[in-house]
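*Asks:* model this:
(chains A and B)
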Amino acid sequence: MADAAGGLAGLAAARLWAAAHYPFLASAIFAGQVVPAPGIGTVAVDPGWRLWADPDLVATWTVAELGSVLVHHVCHLLREHGRRAGAAGVAAAQARAWIRSADAEINDDLIPAGLELPGDPVLPAHLGCASGLLAEQYFAASRAGVPADRPGSAHHAGASWLDCGSGADGLGRSWQAGGPAALPPWQARLLQRLVAQQILAARQAGNVPAGLLRWADDVLTPRVDWRRALAAELRKAVADTAGAVDYSYRRPSRRATVAGNVVLPALRRPVPDVAVVCDTSGSMSDDLLAASLAEVEGLLSALGLARRLRVLACDAAVGAAQRVSSARQVTLAGGGGTDMGAGIAAAAALRPRPAVIVVLTDGYTPWPDGPPRGSKVVVGLLGEQAPDAPAWARAIRVPADAGR
Amino acid sequence: MAESGRGGRQRAAAEALGVAVAARVPVLLWGAPGTGKTSAIRAMADGMGWPCETVIASIREPSDFAGLPVVIGEEVRFAPPAWARRLAAAGRGLLFLDELSTAPPAVQAALLRVVLERVVGDLDLPPGVAVVAAANPPEQAADGWDLSAPLANRLCHLPWDVDPLAVADGLAGGFPVPEVPVLPDGWESEQHLALALVGAFLHARPALASAPPADAASAGRGWPSPRTWEMAARLWAAGGAAGVSGEARSALVVGAVGDGAGAEFLAWLMEMDLPDPEAVLADPASFRLPKRADRAYAAVAAVAAVVEADPTPDRWRAAWQVLGLAASSAPDVAAVAARVLARCRPDGVSLPAEVRLFAPVLRDAGLLHG
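*Replies:* Next up, the predicted model:
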């Protein structure tokens, strides 16, 4: 309802405070419907963009504090902490730890940007973590156990605790009955995109916290999981070259003799060979390479091609092709300069000739002018900083955190 | 929580499936194995009393869809298989293509004409036949293939997610059966309106008219092309005629043209509902503040933004009049726009009376200096 001030003193001023200090979040701040809920002892959100607020508690806060709580809760909704809690497998017993992790994800760059939350807001330092991580990472760290000697790590155990509600942990609350209609999920998704666009539009002004900018980028251009992208490119390369089980009229079917006048296609199943060229120059990270190679290997065994895999280690010179049965057996021999062209040429010279060549590299290498004849090339670029691969190859970017 | 909670997404997907079948738009359900896609589709056909021909694409040959080439004298005929003859004889029914994503590429190519034009070999299936398909995401089916981009572009893609709580309810009390709504006579005339909307949207965002996917992973899902936009318009009109939830209508649009383009279109539609800021400035007394606070904010912020871009004294004063109307019901919303207007005051224009309305809330928020 537009008369949001209804029943809650200071709400209009608090929303104005929030919209004035965080203009790029204004649409989200006004989208939250505040519902007075006497006796719940907190201000909590639900996934339908309703904020249930205890008037007695709110009366003890300043306008800036209430405004900050609105901004904080709106960020829970924008960052979909409720849905993510379900995906992270948060049970009721861990809900509190999860909410603290989600709080840390929001607060780590909004508190420096002037958020004045009441009480002692959770910061990554309280969880024994560095700033700028995701709630899932804070949650994993808090489950692993907070080191006791960190300053402030115990500070929250007994501190005044405010339940952020089901919008933060995805678990229902007793007070979420009646009230105004919830925002339907599809409109919530549109709202999320709208806010992301407004945040990016405000980028020029230069006062948007970096964490929110990153969030907005991820919403508008979602990052495809590199494993999925790599799998799709590999399957396509294998399918294009071989057609693992495909039909052809090139040769008549063996069943044609019994089928009278019907022309039947034959089944053909050429099995493609796959070669992996690994960059082993000094600039490569072992963990990242092992993670990527394990992924390639897993995909090929799913396609029934694992025994056809040959691995070449390559820096400026090419190591002998190793036949491996597990990614861990690959020895990174190299060091020194890099030339993937030599690696690709060596892979193409293998007999039987590989139909698909997978190159795992950090991208700092000269490339040949075109793909080798008769082979498709899929390039895994390891690390965000990797320069682009040539246009004739299909390239997948593997983020630097994949190796962890 | 009623509409967003338990099984809300699944119910919306079932509603969307019913609308797509009613509108005879080919539809594809994506979901993990064992989540009840096949049984939902069969139950839907039973509920309608329609014949349902299930064809598992992954164990078929291309000739099962393109027709078996038979040499008769001088010519080759493409003989349709029995399931196609049965559907043609019945005049209506469901053609259910199961396991679409495990069909080899040659079979997918043969399916192109079946899915969109309902042509099997030399036989045309009657217009009463609806095409429904189901598939497992390639990462969940070991021998799966990504759908080829041309086949993906002929289908409306609906996610078939399983909500654990809905499964718990379903095991005890039976799973809901998707219903095919009866579309009122003449609903297709609504389609022209929807096409006009899509046309106006593409006029504003020409880059979204056709955007083939760049990578193999996203090629297997919905993506914008003239064909899918037309499909989206048909589904939007059918969803409106059937009176289904907004959730289901949005799933249909997004399923046809893909996530990004679909969301842009839906956001544009919502923006269309807001009053035109120039019209409001021409006649400020006519302004009605939208009920929802975020829509109200969008409306007054749009008025303030067009005035800021061209602050003539008349427009500036008209904008204050608009804010004066908004101030009584939503002082905070209007005050945000008032701050924008205060910044772009034209030279020599005195402050209007409405300014005083905002003093209390601005003071409370600590934003009134001096």
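
*Asks:* now residue 338, what's its secondary structure?
*Replies:* Since you didn't name a chain, this refers to chain A. coil (DSSP: H, G, I helix; E, B strand; the rest coil).

*Asks:* ok, it touching residue A:360?
*Replies:* No. Applying C-beta atoms under 8 Å as the test, residue A:338 and residue A:360 come out as separate, 11.9 Å apart. Backbone N, C-alpha and C define where each C-beta goes, glycine included.

*Asks:* how much space is there between the closest residue in space to residue A:9 that isn't next to it in sequence and residue A:51?
*Replies:* The shortest distance from residue A:9 to any non-neighbouring residue, by C-beta to C-beta, 6 or more residues apart in numbering or on different chains, is to residue A:59 (6.4 Å). Counting by C-beta to C-beta, to the nearest Å, the gap between residue A:59 and residue A:51 amounts to 16 Å.

*Asks:* picking up where we left off before, need the residues touching each of residue A:338 and residue A:360.
*Replies:* Overlap of the contact sets of residue A:338 and residue A:360 (by C-beta atoms under 8 Å, 6 or more residues apart in numbering or on different chains) consists of residue A:279.

*Asks:* So between the two, which is more surrounded?
*Replies:* Between residue A:338 and residue A:360, counted using other C-beta atoms under 10 Å in any protein chain shown, residue A:360 has the larger neighbour count: 29 against 23.

*Asks:* which residue packs closest to that one, ignoring adjacent ones?
*Replies:* residue A:380 (4.6 Å).

*Asks:* So which residues make contact with the helix or strand harbouring that neighbour?
*Replies:* Assignment of secondary structure by DSSP states H and E places residue A:380 within strand A:376-382. Taking contacts as C-beta under 8 Å, 6+ apart, the residues outside strand A:376-382 that touch it are A:230, A:233-234, A:237, A:240-241, A:284-285, A:288-289, A:292, A:296, A:344, A:355-363, A:371, A:387-389, A:392-398, A:400, A:402.

*Asks:* So the residue nearest to residue A:200 when sequence neighbours are not counted, which state does it fall into?
*Replies:* Nearest residue to residue A:200 in three dimensions, chain neighbours excluded: residue A:216, at 5.1 Å (C-beta to C-beta, 6+ apart). Going by three-state DSSP, the secondary structure assigned to residue A:216 is helix.

*Asks:* how far does stretch B:105-118 sit from the chain's center?
*Replies:* Remark: stretch B:105-118 is offset 24 Å from the chain centroid, using C-alpha atoms, centre = their mean, to the nearest Å.

*Asks:* got a list of what the residue nearest to residue A:200 touches?
*Replies:* Contacts of residue A:216 by C-beta under 8 Å, 6+ apart are A:195-197, A:199-200.

*Asks:* Take these and keep only those in helices.
*Replies:* A:195-197, A:199-200 (DSSP state H).

*Asks:* Who wins on neighbours among these?
*Replies:* Using other C-beta under 10 Å as the neighbour criterion, residue A:195 leads the ones in helices among the contacts of residue A:216 with 26 neighbours.

*Asks:* so that one makes contact with residue A:29?
*Replies:* No. Residue A:195 is beyond contact range of residue A:29, at 9.5 Å (criterion: C-beta under 8 Å).

*Asks:* Any stretches of the chain with poor pLDDT?
*Replies:* Assuming you mean chain A. A:1-7, A:145-161, A:239-271, A:282-283, A:303-308, A:315-337, A:402-404 (pLDDT under 70).

*Asks:* Chain B, not that one
*Replies:* For chain B, counting by pLDDT under 70, the residues that fall below are B:1-7, B:141-144, B:164-165, B:216-217, B:369-370.

*Asks:* so what's the residue nearest the centre of it up against?
*Replies:* Central residue of chain B (C-alpha atoms, centre = their mean): residue B:253, 1.5 Å from the mean position. By C-beta under 8 Å, 6+ apart, the contact set of residue B:253 is B:232, B:235-236, B:262, B:265-266.

*Asks:* Chain A next: which of those are close?
*Replies:* Intersecting the contacts of residue B:253 with the surroundings of chain A, defined as C-beta under 8 Å from any C-beta of the partner chain, gives residue B:266.

*Asks:* Filter the contacts of residue B:253 down to the ones in helices?
*Replies:* Using DSSP H, the subset of the contacts of residue B:253 located in helices is B:232, B:235-236, B:262, B:265-266.

*Asks:* Now render those as CSV, adding neighbour count.
*Replies:* Converted to CSV, those look like this (neighbours: other C-beta atoms under 10 Å in any protein chain shown):
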residue, neighbour count
B:232, 28
B:235, 29
B:236, 27
B:262, 23
B:265, 25
B:266, 22
